[in-house]
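A.B. asks: structure for this input, please:
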Amino acid sequence: MGLVIPSIDLSGGLVVKRVRGIRGSELVRLNLTKALNLVKGYPLVHVVDLDGAELGKPVNVDSITRVGSAMGGRCQVGGGVRGIEDAELLLRYCSRVIVGTIAVEEPKELLVMVKELGEDKVGVSLDADGEWLVTRGWRFMAKRITDAINELPRVGAVVYTNVSVEGTGMGPRVNPELVKVLKGIGKEVYYAGGVSNCSDVEELWRLGFDGVIIGYALYVKGVRCGGQGG
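C.D. replies: A predicted model of the protein is given here:
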């Protein structure tokens, strides 16, 4: 059994669930206290600063601080991490920082982060729309996933998100062969996008993912699956 990892997507200090990441498509808006009550029993939480991803710098730092405190540091956080200073700031609150745009557009900068911080402290977010990876808040098609993977160093975790089904509950979509490739980069490999129920989670575990990130399933459908810990 792998992990079930709830997401906390932050915008304007609220926890939101967007369809395909599009601003204005929010299905859910929760205050952070309510969201933390839902996720506090899980061993790991995946935090995304949506405003930070769009602006290119951490924005919802106060909220990230609260998540880190409530979870005892059992969180990984991304969104707006564009340099080592951003990473060091967020690592005060969470055990791992997740890098997306820099990993795809400037892999040499990612390598610097890994060398400075240690590979366990750094994860990579690969946000895919078809064969292409999207960056800067999912607004730009940056590079083919096959090309990007060849440039990446070893990191603590890889988060693969299928953007086309993110926030839809339409079911996960991933090439099973890709899991093996991703495991060559990340010590842990996680999936996000389209997960609607526990059967989806279990199928992704069977494919080889170490953890499955849930947002829509948790906040819209109220789904609880195994793998959440005590």
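
A.B. asks: for the least confident helix or strand in the chain by mean pLDDT, buried residues please.
C.D. replies: Lowest mean confidence among the helices and strands of the chain (mean pLDDT, DSSP states H and E): strand 140-144, at a mean of 80. The neighbour-count check on strand 140-144 (16 or more other CB atoms under 10 Å) flags A142, K143 as buried. C-beta: built from backbone N, CA, C; applies to glycine.

A.B. asks: count of neighbours near A70?
C.D. replies: A70: 18 surrounding residues under other CB atoms under 10 Å.

A.B. asks: just confirm G52 is within a helix.
C.D. replies: Yes. Under DSSP: H, G, I helix; E, B strand; the rest coil, G52 sits within a helix.

A.B. asks: for the nearest residue to it once chain neighbours are set aside, grab phi and psi.
C.D. replies: Distance criterion CB to CB, 6 or more residues apart in numbering; nearest residue to G52, sequence neighbours excluded, is G80 at 2.6 Å. With angles defined as degrees, to the nearest 10, G80 sits at phi 90, psi 10.

A.B. asks: I figured G80 hits V61, correct?
C.D. replies: No. Using CB atoms under 8 Å, G80 is not in contact with V61, being 9.8 Å away.

A.B. asks: where along this protein do the helices fall?
C.D. replies: 32-39, 50-55, 61-71, 84-90, 101-105, 107-117, 145-149, 176-183, 198-207, 216-219 (DSSP state H).

A.B. asks: got the CA positions of the last one in CSV?
C.D. replies: Output in CSV follows, covering the C-alpha atoms of helix 216-219 (Å, rounded to 0.1, in the frame of the first residue of the first chain):
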residue,chain,number,x,y,z
TYR,A,216,-11.1,16.8,-5.9
ALA,A,217,-11.8,13.4,-4.4
LEU,A,218,-11.4,14.7,-0.8
TYR,A,219,-12.9,18.2,-1.0
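
A.B. asks: list the helices and strands it packs on?
C.D. replies: If you count contacts as 3 or more CB pairs under 8 Å, 6 or more residues apart in numbering; DSSP states H and E, helix 216-219 packs onto strand 14-17, helix 32-39.

A.B. asks: which of these is buried the deepest?
C.D. replies: strand 14-17 (a mean of 21; mean count of other CB atoms under 10 Å).

A.B. asks: what about the chain, any weak spots by pLDDT?
C.D. replies: 140, 227-230 (pLDDT under 70).

A.B. asks: ok, now which ones touch the residue nearest to G52?
C.D. replies: G80 sits next to D49, D51, G52, A53, E54, L55, G56, K57, P58, V59, D86 when contact means CB atoms under 8 Å, 6 or more residues apart in numbering.

A.B. asks: beta partners for the closest residue in space to I8 that isn't next to it in sequence?
C.D. replies: In this structure, I8 finds its nearest non-sequential neighbour in V47, 4.8 Å apart by CB to CB, 6+ apart. For V47, the beta-bridge partners are I8, V77 (DSSP bridges).
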